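> heads up, no residue letters with this:
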Ligand SMILES: Cc1cc2nc3c(=O)[nH]c(=O)nc-3n(C[C@H](O)[C@H](O)[C@H](O)COP(=O)(O)O)c2cc1C
């Protein structure tokens, strides 16, 4: 295996327990410079990255704190400003513009995660910025009024302890389709349910479902986890904000 593949195979999330150890300014610069090499639509870089260094602010933003936090925004305000400056019409509104910019932003985020890992720095990708009252994110980061949406945050740092297992991936039926799409058969669904129930497989998010007398991991996922998650995320607020900033038409 070459070094790049090894780095990819070693990717993992640190769920919030980062140590007080800081990552160096040089490493931060290297991570950011590498991340900006990600592909982007129309070479316009429809994103911006906000570096958060204050741990309290990180916590307020996403619920987690490490050495550095980067917020990756789908952002067309810079391009809109250039268009205005040169007196060109530029329509930054609408879902296609949002999707394209969000893809740009996510590619930068994941590239930063990989670059960091290659330097021995761990990370947590989190959508904690979308939980609770999302207006705090706009206020804390002084985000522009239009065409800038915080898509994802990544917290970087060093772990306080090693995770006790590697989170595996389902690589069975339904993930990769050759030629055309192949819907899950009943037998494949049963196999998937069985595999996720195996604690040694480390496929599920948590094994806290077992003492709850549920039959399967996926019973916990759909009844307990999805329910709590839906309540914690401001779904309708997100839609309102996307309308206000021009990325979604009412
Ligand atoms: C969009 C997104 C949001 C996530 N949000 C959180 C989060 O808020 N808290 C958390 O502990 N992990 C979060 N994660 C990390 C996932 O739980 C983690 O990637 C997954 O369980 C696989 O584990 P691994 O990354 O260690 O392989 C998030 C990951 C993604 C891609």
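Yep, that arrived. Because the structure is a prediction, the values reported are computed rather than measured.
> Leaving out sequence neighbours, find the closest residue to residue 165.
residue 202 (4.9 Å; C-beta to C-beta, 6 or more residues apart in numbering). Using the backbone N, CA and C atoms, a C-beta is placed for each residue, glycine as well.
> Surely that neighbour and residue 164 touch.
No. Using C-beta atoms under 8 Å, residue 202 is not in contact with residue 164; the gap is 9.6 Å.
> the bottom helix or strand of the chain by mean pLDDT?
helix 226-232 (a mean of 71; mean pLDDT, DSSP states H and E).
> after that helix comes which helix or strand?
helix 235-244 (DSSP states H and E).
> How about residues contacting that next one?
98, 130, 133, 134, 135, 138, 145, 149, 248, 249, 250 (C-beta atoms under 8 Å, 6 or more residues apart in numbering).
> burial measure for the closest residue to residue 249 other than its chain neighbours, as a count.
Leaving aside its chain neighbours, residue 249 sits nearest to residue 94 (6.5 Å; criterion: C-beta to C-beta, 6+ apart). Other residues near residue 94 number 12, with proximity taken as other C-beta atoms under 10 Å.
> from here on, count from 533
With the count now opening at 533, the last piece we talked about shows up as residue 626.
> tell me the secondary structure for the most far-flung residue of the chain relative to its centre?
Centroid-distance maximum for the chain: residue 619 at 35.5 Å, with C-alpha atoms, centre = their mean. At residue 619, secondary structure determined by DSSP: H, G, I helix; E, B strand; the rest coil is coil.
> picking that back up, show me the contacts of helix 767-776 that map onto strands.
If you go by DSSP state E, the contacts of helix 767-776 have residue 681 in strands.
> So the residue nearest to residue 781 sits against residue 777, correct?
No. Contact criterion C-beta under 8 Å: residue 626 and residue 777 do not qualify, at 11.4 Å.
> how much does the lengthiest helix in the chain deviate in direction from helix 767-776?
Criterion DSSP state H: the longest helix present in the chain is helix 627-650. Counting by axes from the mean of the first three to the mean of the last three C-alpha atoms, to 10 degrees, helix 627-650 lies at 110 degrees to helix 767-776.
> next structured bit after helix 627-650?
Past helix 627-650, the next helix or strand by DSSP H and E is strand 654-658.
> does that next one come close to the ligand?
Yes. Part of strand 654-658 sits near the ligand under the criterion C-beta under 6 Å from any ligand atom, namely 656, 657, 658.
> Are any of the residues you listed buried, and if so which?
656, 657, 658 (16 or more other C-beta atoms under 10 Å).
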